[in-house]
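# build me a model:
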Amino acid sequence: MHRVASRIRLKIVHPSICSDFRGQYGEWTFQDTQTGKIYHGFLLDHSRVKPGVVYEASHEFYAARPQGSLHHQISDKAFEEKAIKAMERHLGVPGPIARFEAKDPSRPDGWRYLTGEKDTVQWDGLWEGVDGRIYCLEVKHFMDGNKLVEIQNKIDKTLEFLRKRRGAVIVYVAGEYWSTSGGVVRTAENLGFGIVEESGPDLQIRDPELHHNKQEGEKLRKRGRKPKAK
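As a prediction, this is how the structure comes out:
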């Protein structure tokens, strides 16, 4: 499924100010409205940006909104709820698998949270089986390699909080749109993630492969790891 790109006009002050500019906008294109020259986000740096020049930014998966927002919150929420319902049908909830028992029963979305000593982890869906297995769902409007790094880090915290081994935590990732570069879907599969994606009017769910590529996971961890403070 593809959306026709809309263009937005903006002034770029200094892309290197934001350390993850290329990670966030690497797949966007930016056109200089004075010269007509087009730059890809992953190549855009301060040496190519002209102060005061307006650039037209576009992305094949994003549509500009009249209100100026790229993310339509209502649409994103609807996809999230659709993914949760599809997962619960797939897992047979309620049954041997049920929503995670919330630490704070008064909180409606408390079943999505895990609490550690000093931190919390939020998933878009969190279920527990009678065999002790944990099923996690992460939903993204646009799924790319950077999102997989974030999910991998979230898994590490989840394992720490629950004191479980990796095989006892099963993760599904849902993307309304998936990056077409870098083999993102295959990378997610190699990491042992189940895949939730659009298939006509419904969502298609593929269970995780029985094995996952440990080298792939370590590679992603290194990408997302911050250098230790000296």
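# Ile195: what's it in contact with?
172-173, 185, 188-189, 204-206 (C-beta atoms under 8 Å, 6 or more residues apart in numbering). Using the backbone N, CA and C atoms, a C-beta is placed for each residue, glycine as well.
# of those residues, closest to Arg112?
Tyr172 (13.7 Å; C-beta to C-beta).
# part of a strand, is the closest one?
Yes. Residue state for Tyr172 (DSSP: H, G, I helix; E, B strand; the rest coil) corresponds to a strand.
# report the beta-bridge partners for it.
Beta-bridge pairing for Tyr172 (DSSP bridges): Leu137, Gly194.
# I figured it hits Cys136, correct?
Yes. Under the criterion of C-beta atoms under 8 Å, Tyr172 makes contact with Cys136 at 7.0 Å.
# what sits in contact with each of the two?
Gly125.
# by contact count, what packs against whichever strand or helix holds Asp156?
Following DSSP states H and E, one finds Asp156 within helix 145-162. Judged by 3 or more C-beta pairs under 8 Å, 6 or more residues apart in numbering; DSSP states H and E, the packing partners of helix 145-162 are strand 113-115, strand 120-122, strand 134-143, strand 169-178, helix 184-190, helix 214-224.
# which of those comes out lowest on mean pLDDT?
Comparing mean pLDDT across these, the weakest is helix 214-224, with a mean of 52.
# leaving out sequence neighbours, find the closest residue to Gly129.
Leaving aside its sequence neighbours, Gly129 sits nearest to Ile97 (C-beta to C-beta, 6 or more residues apart in numbering; 4.6 Å).
# apologies, that question was intended for Asp131.
Nearest non-adjacent residue to Asp131 (C-beta to C-beta, 6+ apart): Pro96, at 7.8 Å.
# the domain parsing of the chain - what is it?
With domains defined by automatic domain parsing, the chain comprises 7-58, 73-224.
# any regions of the protein where pLDDT drops low?
Counting by pLDDT under 70, the chain has low-confidence residues at 1-26, 42-52, 59-75, 210-230.
# what do you get if the cut-off is 80, keeping everything else the same?
Counting by pLDDT under 80, the chain shows low-confidence ranges at 1-34, 36, 39-76, 103-106, 117-118, 181-182, 200, 209-230.
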